[in-house]
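A.B. asks: sequence first, predicted coordinates after that:
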Amino acid sequence: MSRIPHDALQAFRAIARHRSFTRAGAELGVSASALSQSLRQLEEALGVPLLTRTTRQVAPTEAGEALLARLSPALDEIAAVLEETRQSRGQPAGQLRVTLPHTAAQLLFYPALADFAARHPKLRLELDVNNGLVDIVAQRFDAGVRFGEALQAGMQALPVSRPLRFVVAASPDYLRRRGAPKTPQDLLGHDCLGYRFGGGGQYRWQFAAAGQALQLAVDGPLIANDNMALLHAALEGAGLAYLAEPLIAPWVAEGRLAVVLDRHMPPAEALYLYYPHRPRQPAKLRALIAFLRERAGLPQA
């Protein structure tokens, strides 16, 4: 069998994962025609077709699926070993891709971006701010940040924040006009500012009633997939919003928002950084873990 270049294997995996030569080329930084040539050479070297190609779609053959299942972990391990070797004598370097929800971005990352960049000038941090559930392995992220109940199965995870409470808040003007709800069920008669996930589902507000968890479907004049839109609408008196307590703390302190139903809120919960299990994590990921835990005042792992 002729020698098979590593680049050809990388090209096959990218094409099979994206089901597209164009998107695979964008990921690898090469043209679609160059990928097509690499794939053709790989198939000729192996003597079997790896992809079926039509004018509308690209999909792995049975042989391609079998190769992909065995190949992907091996390529990941090779990449990790090479990167660890490159970084063993210097600073963490390369691209670090992280997916995280809006709340984590606003509270943990946005205030710290300049500090992180100054400490690690050879790292390029890429953030995917997304409240949906993301398969970090399939989508090639180094790590993700989520609350505990939304962690991807089979991952290593470490807390990177102190426990955060969510609260219901409204402007004093709204509360003067409509009155303050005394129980979660009172919200059914109020204007509630809803959040919709990327997958289409609307978030049910979480409460704790007599020690039992309660989920409430609310309704109101606004639904958004960005909690800053809900915050600004609440500040202008449009209704009640369900938001992380640290996010609204400055406006509560200024008297522009007031918290209601405080004793009905669920326990606080920490944000976790999660990532695939490896015998030794890349230096760039260890740098991010240390940085976030330091800022949160947590002991180093």
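C.D. replies: Thanks, I have it.
A.B. asks: just to check, residue 197 is in contact with residue 223?
C.D. replies: No. Applying C-beta atoms under 8 Å, one finds residue 197 not in contact with residue 223, separated by 10.7 Å. C-beta: built from backbone N, CA, C; applies to glycine.
A.B. asks: helices of the chain, start to end?
C.D. replies: Listed in chain order, the helices of the chain (DSSP state H) span 6-18, 21-28, 32-46, 62-87, 102-104, 113-119, 172-178, 227-235, 245-253, 283-296.
A.B. asks: right, and those - which one's nearest residue 165?
C.D. replies: Residue 165 sits nearest to helix 245-253 of all these, at 4.5 Å, using C-beta to C-beta.
A.B. asks: quick one: the closest one to chain centroid distance?
C.D. replies: Centre-to-centre, helix 245-253 and its host chain are 24 Å apart (C-alpha atoms, centre = their mean, to the nearest Å).
A.B. asks: buried ones in that helix?
C.D. replies: For helix 245-253, a neighbour-count test (16 or more other C-beta atoms under 10 Å) marks 245, 247-248, 251 as buried.
A.B. asks: next, count neighbours for residue 152.
C.D. replies: 16 (other C-beta atoms under 10 Å).
A.B. asks: scratch that, residue 126
C.D. replies: Residue crowding around residue 126 was assessed by other C-beta under 10 Å; the count is 11.
A.B. asks: including pLDDT, could the buried residues of helix 245-253 go into TSV?
C.D. replies: Shown next, in TSV, are the buried residues of helix 245-253 (pLDDT from 0 to 100):
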residue	pLDDT
245	97
247	96
248	97
251	97
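A.B. asks: closest to residue 132 out of those?
C.D. replies: Distance to residue 132, by C-beta to C-beta, is smallest for residue 247 among the buried residues of helix 245-253, at 19.5 Å.
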